[in-house]
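Participant: Show me the folded form of this:
(one chain, ligands or ions: 2)
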Amino acid sequence: MGIVVQKYGGSSVADPDAIKRVARRIVEAKKAGHDVVVAVSAMGDTTDELLDKANAVSPQPPARELDMLLTAGERISMALVAMAISDLGYSAQSFTGSQAGVITDSVHGKAKIIDVTPGRIESAIADGHIVIVAGFQGVSQDTKEITTLGRGGTDTTAVALAAALKADVCEIYTDVDGVFTADPRVAAKARKLDRVTYEEMLELAACGSKILHLRCVEYARRYDIPIHVRSSFSNLEGTVVTGSIEDLQENTMEAAIIAGIAHDRSEAKVTVVGVPDKVGEAARIFTALADAQINLDMIVQNVSAAATNLTDISFTLPRTDGQTAMATLAGLQAEVGFDQLLYNDKIGKVSLIGAGMRSHPGVTAKFFSSIADAGVNLEMISTSEIRISVVVAEDDVDAAVQSAHTAFDLDADEVEAVVYGGTGR
Ligand code: ASP
Ligand code: MG
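Facilitator: Ligands and ions are numbered 1, 2, ... in the order given. Here you go, the predicted model:
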């Protein structure tokens, strides 16, 4: 039988009992005849606690040292999981990301995997070991420094390993039963999806659903690795992420109109007020932001006022990049000649996602009506082929999600979602 890659998140390895439970699960897969490779996250809230410690000694810790510190979290859990497996009479070997051949670029804190050279893993498998790999980390090809992949990055480690090892499936074990139509903490009657396409999952992940790391979905799509998202606390079938919306069309399979609603409270909005409406100004602004390594999300430019020929440009970005963006833009004020900069981090984004909306008129109207019915005002709007996103006040996010969830008939008859673990921190 083939190779199975499994990933266990922080809440699944939060304490010794959890680690022993995970070890039993891993051994079951081995007993079933699979070669098993496991990527583990740090125990419970370890990563947050390490970040708190770093901030306690230095408000701006050097990125290299921060990565050194954070990768320690996964080294602890990988060794403990391997020990728990050996206690069950099976042999396991743990490897750091670097030992496992996870090669990244050199951007600390959000490195991208550029290659996986799994030689050591393959020989460990050949020797009959279960392989445990520290998630969320790699080693830079250029600088040879240890890097991390960004919060939630163990998902990506798992899928990258699955691709490199040509695994049959990548199972992502977490503390909920699968991917839901909305965050069950916000929409209590959220329903579990049995299957969702890569494109829909990409949009969900990009729009704030924390169930899977965005890059892991990109990776899975590129290498066509099915991801099975399921709970490590139950034996229920979870959600399988596979297939493309193009296949849906070819098979004339009826695509669900809406897969789900995601929300995101991690962004901020910047408005550049009074930008001269002439060729090249937007390019200048966004080049400066790109040079500062800032990823933007929504961008809106108003028509310029006829009297002044000035326009406003607003965009959203991660709150964590807010200060860098404001400083970068402030440095451009004289050159570009805009009036002022506004910053608002009390915003939230609500996104409706579904492959079926491409061929279904009226989805936007219904979405906006449901948000209006909740008494919520829209500040920005953006769309893709299979998504409509709106920015609202942060305090209005829950009401908007709930109202849209009901309007699109996504509510389950009974509460389906069980959140088994995690502090939601
Ligand atoms: N431990 C890291 C985090 O909390 C990586 C992961 O869990 O995937 O973000
Ligand atoms: Mg996660």
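
Participant: quick one: contacts for V179?
Facilitator: V179 is in contact with 192-193, 196, 201, 204, 209, 211-212, 229, 238-239, 241, 260, counting by Cβ atoms under 8 Å, 6 or more residues apart in numbering. Placement of C-beta: from N, CA and C, glycine included.

Participant: Then V229?
Facilitator: Applying Cβ under 8 Å, 6+ apart, we find V229 in contact with 172, 174, 178-179, 211-212, 238-241.

Participant: 10 Å instead, please
Facilitator: For V229, the contacting residues are 7, 155, 170-174, 176-179, 192-193, 196, 201, 211-212, 238-241, by Cβ atoms under 10 Å, 6 or more residues apart in numbering.

Participant: Tabulate the contacts of V179 in CSV, adding columns for pLDDT, distance to ligand 2 and secondary structure.
Facilitator: As requested, the contacts of V179 are exported to CSV (pLDDT from 0 to 100; distance: Cβ to the ion, whole Å; DSSP: H, G, I helix; E, B strand; the rest coil):
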residue, pLDDT, distance to ligand 2, secondary structure
K192, 96, 17, strand
L193, 96, 17, coil
V196, 96, 16, strand
M201, 97, 13, helix
L204, 97, 13, helix
S209, 93, 10, coil
I211, 92, 7, coil
L212, 94, 7, coil
V229, 97, 10, strand
G238, 97, 14, coil
T239, 97, 14, strand
V241, 97, 14, strand
G260, 97, 17, strand
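
Participant: Please identify which of those is nearest to ligand 1.
Facilitator: L212 (10.2 Å; Cβ to the nearest ligand atom).

Participant: how many neighbours does that closest one have?
Facilitator: By the criterion of other Cβ atoms under 10 Å, L212 has 25 neighbours.

Participant: Flag every buried residue along stretch 270-286.
Facilitator: Neighbour counts over stretch 270-286 (16 or more other Cβ atoms under 10 Å) mark 270-272, 274-275, 277, 281-282, 285 as buried.

Participant: just those residues now: which is nearest D373?
Facilitator: Checking these against D373 by Cβ to Cβ gives T271 as the nearest, at 27.7 Å.

Participant: And that closest one, how far from I388?
Facilitator: As defined by Cβ to Cβ, to the nearest Å, T271 lies at a distance of 22 Å from I388.

Participant: Backbone dihedrals for H263, please?
Facilitator: Dihedral angles of H263 (phi, psi; degrees, to the nearest 10) stand at phi -140, psi 160.

Participant: Using the three-state scheme, assign T324.
Facilitator: Here T324 is helix, with the state taken from DSSP: H, G, I helix; E, B strand; the rest coil.

Participant: how far away is it from N302?
Facilitator: On the measure of Cβ to Cβ, T324 and N302 end up 25 Å apart.

Participant: now do V139
Facilitator: Noted for V139: a distance of 46 Å to N302, by Cβ to Cβ.

Participant: between these two, who's got more neighbours?
Facilitator: A count of neighbours by other Cβ under 10 Å puts V139 above the other of V139 and N302, at 21 against 13.

Participant: neighbours around the nearest residue to the more buried one once chain neighbours are set aside, how many?
Facilitator: In space, V139 comes closest to S98 once its chain neighbours are excluded; the distance is 3.8 Å by Cβ to Cβ, 6 or more residues apart in numbering. S98 has 19 neighbours, counted by other Cβ under 10 Å.

Participant: can you check S403 too?
Facilitator: 23.

Participant: just to revisit the earlier point, in which helix or strand does the residue nearest to V139 reside?
Facilitator: S98 belongs to no helix or strand when assigned by DSSP states H and E.

Participant: Could you tell me the model confidence score at it?
Facilitator: The score at S98 is 98. That number is its pLDDT.

Participant: gap between it and C207?
Facilitator: Using Cβ to Cβ, one obtains 32 Å as the distance from S98 to C207.

Participant: And K112, by the same measure?
Facilitator: Per Cβ to Cβ, K112 is found 20 Å from C207.

Participant: of the two, who's got more company?
Facilitator: Higher neighbour count among K112 and C207: C207, with 22 against 16, using other Cβ under 10 Å.

Participant: Help me confirm that the more buried one comes into contact with T383.
Facilitator: No - C207 is beyond contact range of T383, at 11.9 Å (criterion: Cβ atoms under 10 Å).

Participant: Pull up the overlap in contacts between these two.
Facilitator: Counting by Cβ under 10 Å, 6+ apart, the contacts common to C207 and T383 are 351-352, 389.

Participant: now the helices for the stretch 151-300 of the chain?
Facilitator: 154-164, 198-206, 214-223, 245-250, 281-291 (DSSP state H, counting those that start in this stretch).

Participant: among these, which is nearest S234?
Facilitator: Of all those, helix 154-164 sits nearest to S234, with 19.4 Å by Cβ to Cβ.

Participant: Let me know the angle separating the closest one from helix 214-223.
Facilitator: 20 degrees (axes from the mean of the first three to the mean of the last three Cα atoms, to 10 degrees).

Participant: close to ligand 1, is helix 154-164?
Facilitator: Yes - figure legend: helix 154-164 in contact with ligand 1 (Cβ under 6 Å from any ligand atom); contacting residues T154.
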